[in-house]
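Novice: Need a 3D model of the sequence below.
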Amino acid sequence: MDILSVLFSQQTRKIGAIVPSVAISEKHSDTLEITEHPIEDGAPVSDHAYKRPPEVTMELGFAGGGSLLDGVDTTQMLNLNSGLSLGTGPREVYQQLVALQESRIPFDVTTGKRQYQNMLIKSLDVTTDKISENVLMCSLTLRNVIISRTHSVSVADKSNMADGASTSAVQNSGTKSAKPVNESLLSQAQRGVLGVLGGFG
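Specialist: Numbering: from 1, shown residues only. Just a heads-up that it's a prediction; the model follows:
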């Protein structure tokens, strides 16, 4: 990073608590997985398509912790002469990113286009060459984690489940109303004959 880059960099990106000095590029990916078999006319299409977790790939640069000139590590000179440091060096930032990936704890990501929640670092690629020796240039691929919530339901013990209809947990099935019975002529005649025979007994 040269002096102007350091002075005028806008801190609008954030990976967890880590703020890059510059964002070179961002690639957002939202994919809908659609089944290939035919869907019946009138059937809900949503039953045959689901959204994959969103991903974002970011190429980022982190300043060299007080290195104000390209190609020169001024942090060593500052530390030796004054004992002062102007920020975190590339090695420390790289270790922070690796630790964030290894922790597997979801975090928030802020980009120029979108705010993401519950993200993990899928891949972390770092390139070092003669130009970027004293800075950290990296490419991060981050993926959203779908988090669901469950709750427990009390059911009968497994040893008592031979007859599921009588051993299942009590459930509220709502208010029931009586329905009139439509008897056929034959059943009415049989009921009448049985009543007459019963009178002789």
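
Novice: Show me the shaky parts of the chain.
Specialist: Applying pLDDT under 70 to the chain picks out residues 1-11, 65-87, 155-171, 181, 183, 193-201.

Novice: Which strand in it has the most residues?
Specialist: strand 115-127 (DSSP state E).

Novice: residues of that one that come out buried?
Specialist: By neighbour count on 16 or more other Cβ atoms under 10 Å, the buried set for strand 115-127 is Y116, M119, L120, I121. Where C-beta positions appear, they are placed from N, C-alpha and C, glycine not excepted.

Novice: when you compare where the helix or strand following it runs with where strand 115-127 runs, what's the angle?
Specialist: Going down the chain from strand 115-127, the next helix or strand is strand 136-144, by DSSP states H and E. Put simply, strand 136-144 runs at 140 degrees to strand 115-127, going by axes from the mean of the first three to the mean of the last three Cα atoms, to 10 degrees.

Novice: What is strand 136-144 packed up against?
Specialist: strand 55-62, helix 90-103, strand 115-127 (3 or more Cβ pairs under 8 Å, 6 or more residues apart in numbering; DSSP states H and E).

Novice: N144: which of the ones you listed is closest?
Specialist: Nearest to N144, of all the helices and strands packed on strand 136-144, is strand 115-127, at 5.8 Å by Cβ to Cβ.

Novice: So what touches the closest one?
Specialist: 15, 54-56, 94, 97-98, 100-101, 104, 106-110, 136-147 (Cβ atoms under 8 Å, 6 or more residues apart in numbering).

Novice: Much appreciated, bye for now.
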